[in-house]
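A.B. asks: structure here, sequence nowhere to be found:
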């Protein structure tokens, strides 16, 4: 994943590549039930026009909603979407996982697997 102007605007760094490693994705996948049920989750509600505009582009909708790219995949999975092109534009309410929980998992992952990163 290249570092883009949008990435800089939304706070991405070169270190965010760890969020896309297969090992961390598997870790998050195993935690989906807990992430979905976390008490500090919030709900993102978008306008129907935004849903229509980004039909088939879940990540584009999240970018337009100012969600940092490093959280796109986990937000997609918490909302039971398997791939960003599966977003049909009709769902307007999305669970935003508690990103501090995701960050805690990242710290733990980096500690356990620091030689593999």
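C.D. replies: Good, I have the coordinates. Please read all numbers here as calculations on a predicted model, not as lab measurements.
A.B. asks: for residue 44, grab phi and psi.
C.D. replies: Phi and psi for residue 44, reported as degrees, to the nearest 10, are phi -100, psi 120.
A.B. asks: please read the previous query as pertaining to residue 34.
C.D. replies: When read as degrees, to the nearest 10, the backbone of residue 34 gives phi -70, psi -40.
A.B. asks: so where's this structure shaky on pLDDT?
C.D. replies: For the chain, the stretches with pLDDT under 70 are 1-15, 114-117.
A.B. asks: can you show me the strands along it?
C.D. replies: With DSSP state E as the criterion, the chain has strands at 42-45, 93-96.
A.B. asks: would you mind finding the most buried of these?
C.D. replies: Sort the strands of the chain by mean neighbour count, taking mean count of other Cβ atoms under 10 Å, and strand 93-96 sits at the top with a mean of 16. Where C-beta positions appear, they are placed from N, C-alpha and C, glycine not excepted.
A.B. asks: tell me which strands it pairs with, and in which orientation.
C.D. replies: Paired neighbours of strand 93-96 in the sheet (DSSP bridges): strand 42-45 (antiparallel).
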